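Trainee: Okay, predicted coordinates and the sequence, questions at the end:
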Amino acid sequence: MKYAIGCVVLGFGFLGIGGTPAQADELRPTPQVRLDTVAGNLWDVLWKNPPVRKLTADTHFDWRWFASRFDKDQDGVVVRDEFTGKSDHFTALDRNWDGKLTTADFDWTEQSKLAWRKATVFALTKAIDKSSDGRITPEEWLAAFEKVASEKGFLSDSDLESLIFQPAAKKALSDRRFFDREPQTRGDRLQKLFESGRLFTDGPRVGETAPDFTLRTPDGKTSVRLSDYRKKKPVVLVFGSFT
Amino acid sequence: MYRHWKGEVEFLMVYLREAHPVSDETAATPTNKTAGILVKQPTSLEERNAVAQRCSKALHLEMPMVVDEINNRIGRTYFASPDRLYIVDRDGRIAYRGGPGPFGFNPYEMEQSLTLMLLEQERAVGKEKRAQSK
């Protein structure tokens, strides 16, 4: 209920006025809703209990879709014989290598076993790949070995564990630093909530027409329009930045 | 992944605003620092183009790249910053919307949907062909 009220007030603040809430107060001398008190409490509520982010994807091709296509006997398991696609597709889809496709292969939540596996590999890569280009060179590999093995000249299992999880521990620390520091003004709080990625993550939804755009390549020479691919090929959009 | 699928699927990288520019004190940038990636938030398209080109080279990106407008319009439309994945199907509709980055950015999760989408596409094409030959 609190969040419902929160959304109304938020929408009000953003659409009606724009800018930071501090400015909003100044621009509205006789507000119907007392933004300074209501929004003040709202920020406290949001700050102390930020909405939980859903980190998994929304997709047309989830387990339910898959089972309706392939799980003929409806036992919750798709074995190789039930699968009509290519054999190497089956192998790729069988993420946990147990020879059958089940909900476990479609579970991308942070708590899933597979997520832990990936997270471990990610942490290891991050610890070794100092240039952060996704490629571990022999030099980076050796540098990591020498750093952790130091004078022993070999790696033990606990050495490997520290190599993998120490950066993660540091990361958790820096996250804590980020969230614990008390922001000074309400504008700061808003800014930080935005940056934390816990608000407003609702891009175009599954089944909706992808918002079209025309953008240029970095050299400025070619321009690409998304809708030009329609009826030709599917498009994977990879959004990101260097940093 | 791009190399594996590029025959059947178009990949397009959309270069967004910097997630962790150097002037931003809240940014978690130790990794960037180690890697020597210290970039200010671009204030013009030319500046952003330059960073995008540097990024493309440093990360050995082979896929086509376009650069978002300097007012970040496309990134905001897709709620994509700092990073995010989408699949747009052949009819121009969203088939897959990845979780918000960085922690929801999961290429493997995307690849699963991509595999299944192409599988479905093949089935549909096969059906069409059978219908035509009848």
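Mentor: Arrived safely.

Trainee: What are the boundaries of the helices in the chain?
Mentor: No chain was given, so I picked chain A. Counting by DSSP state H, chain A has these helices, from start to end: A:2-16, A:21-27, A:35-48, A:63-70, A:87-93, A:113-128, A:138-149, A:157-180, A:186-195.

Trainee: Chain B was what I was after
Mentor: Secondary structure of chain B by DSSP H: the helices cover B:2-5, B:30-35, B:45-58, B:73-77, B:107-133.

Trainee: Wondering if the last one reaches chain A at all.
Mentor: Going back to what we said before, that points to helix B:107-133. Yes: contact of helix B:107-133 with chain A (C-beta under 8 Å from any C-beta of the partner chain) involves B:108-123. In this view, the C-beta of every residue, glycine as well, is placed from N, C-alpha and C.

Trainee: What count of nearby residues applies to A:Gly134?
Mentor: Residue neighbour count, defined by other C-beta atoms under 10 Å in any protein chain shown, stands at 11 for A:Gly134.

Trainee: likewise A:Pro234?
Mentor: Residues near A:Pro234, counting by other C-beta under 10 Å, number 24.

Trainee: residues in contact with it?
Mentor: Counting by C-beta atoms under 8 Å, 6 or more residues apart in numbering or on different chains, A:Pro234 touches B:Glu8, B:Val9, B:Glu10, B:Ile87, B:Val88, B:Asp89, B:Arg90, B:Ala95, B:Leu114, B:Met117, B:Leu118, B:Gln121.

Trainee: Now that we have the residues you listed, which of them are buried?
Mentor: B:Val9, B:Glu10, B:Ile87, B:Val88, B:Asp89, B:Arg90, B:Ala95, B:Leu114, B:Met117, B:Leu118 (16 or more other C-beta atoms under 10 Å in any protein chain shown).

Trainee: which residues touch A:Glu82?
Mentor: When contacts are counted by C-beta under 8 Å, 6+ apart, A:Glu82 touches A:Phe70, A:Asp71, A:Lys72, A:Asp73.

Trainee: residues in contact with the longest strand along chain A?
Mentor: Looking across chain A with DSSP state E, the single longest strand is strand A:235-240. Under the criterion C-beta under 8 Å, 6+ apart, residues A:210, A:226, A:229, B:5, B:9-16, B:63, B:75, B:78, B:80-88, B:101, B:105, B:110, B:114 lie in contact with strand A:235-240.

Trainee: That one: partners in the sheet, and parallel or antiparallel?
Mentor: Sheet pairing of strand A:235-240 (DSSP bridges) gives strand B:10-15 (parallel), strand B:84-88 (antiparallel).

Trainee: want to try TSV for those strands, with mean pLDDT as columns?
Mentor: Conversion of the strands paired with strand A:235-240 to TSV gives the following (pLDDT from 0 to 100):
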stretch	mean pLDDT
strand B:10-15	91
strand B:84-88	93
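
Trainee: on that earlier part again, just the contacts of A:Glu82 now: which is nearest A:Phe122?
Mentor: Nearest to A:Phe122, judged by C-beta to C-beta, of these is A:Phe70 at 30.1 Å.

Trainee: And for the closest one, the neighbour number?
Mentor: Neighbourhood size, A:Phe70 [other C-beta under 10 Å]: 18.

Trainee: Apart from its chain neighbours, what residue comes closest to it?
Mentor: Leaving aside its chain neighbours, A:Phe70 sits nearest to A:Val78 (4.8 Å; criterion: C-beta to C-beta, 6 or more residues apart in numbering or on different chains).

Trainee: Return the set of residues that bridge with the one you found.
Mentor: Counting by DSSP bridges, the residues bridging with A:Val78 are A:Leu101.

Trainee: Go ahead and confirm it touches A:Phe66.
Mentor: Yes: using C-beta atoms under 8 Å, A:Val78 is in contact with A:Phe66, at 7.2 Å.

Trainee: list the contacts for the closest residue to B:Ser56 other than its chain neighbours?
Mentor: Nearest non-adjacent residue to B:Ser56, counting by C-beta to C-beta, 6+ apart: B:Met65, 5.7 Å away. Residues near B:Met65 by C-beta under 8 Å, 6+ apart: A:Thr217, A:Pro218, B:Leu12, B:Met13, B:Val14, B:Tyr15, B:Ala52, B:Ser56.

Trainee: and with 6 Å instead?
Mentor: Shown in contact with B:Met65 (C-beta atoms under 6 Å, 6 or more residues apart in numbering or on different chains): B:Met13, B:Tyr15, B:Ser56.

Trainee: How about B:Glu10?
Mentor: Applying C-beta under 6 Å, 6+ apart, we find B:Glu10 in contact with A:Tyr229, A:Lys233, A:Val235.

Trainee: ok, 8 Å please
Mentor: Contacts of B:Glu10 were listed using C-beta under 8 Å, 6+ apart, and they are A:Tyr229, A:Lys232, A:Lys233, A:Pro234, A:Val235, A:Val236, B:Pro64.

Trainee: Where do the domain boundaries of chain B fall?
Mentor: Domain ranges of chain B: B:1-79, B:83-134, per automatic domain parsing.

Trainee: which of these has the lowest average pLDDT?
Mentor: Among the domains of chain B, domain B:1-79 has the lowest mean pLDDT, at a mean of 81.

Trainee: Can you get me the start-to-end distance on that one?
Mentor: Start and end residues of domain B:1-79 are separated by 24 Å (C-alpha to C-alpha, to the nearest Å).

Trainee: How far off centre is it?
Mentor: Between the centre of domain B:1-79 and the centre of its chain there are 9 Å (C-alpha atoms, centre = their mean, to the nearest Å).

Trainee: what residues are up against B:Leu16?
Mentor: By C-beta under 8 Å, 6+ apart, the neighbours of B:Leu16 are A:Phe239, A:Gly240, A:Ser241, B:Asp68, B:Asn72, B:Gly75, B:Ala80, B:Ser81, B:Pro82, B:Asp83.

Trainee: Would you mind checking those residues for buried ones?
Mentor: A:Phe239, A:Gly240, A:Ser241, B:Asp68, B:Gly75, B:Ala80, B:Ser81, B:Pro82, B:Asp83.

Trainee: Thank you, goodbye.
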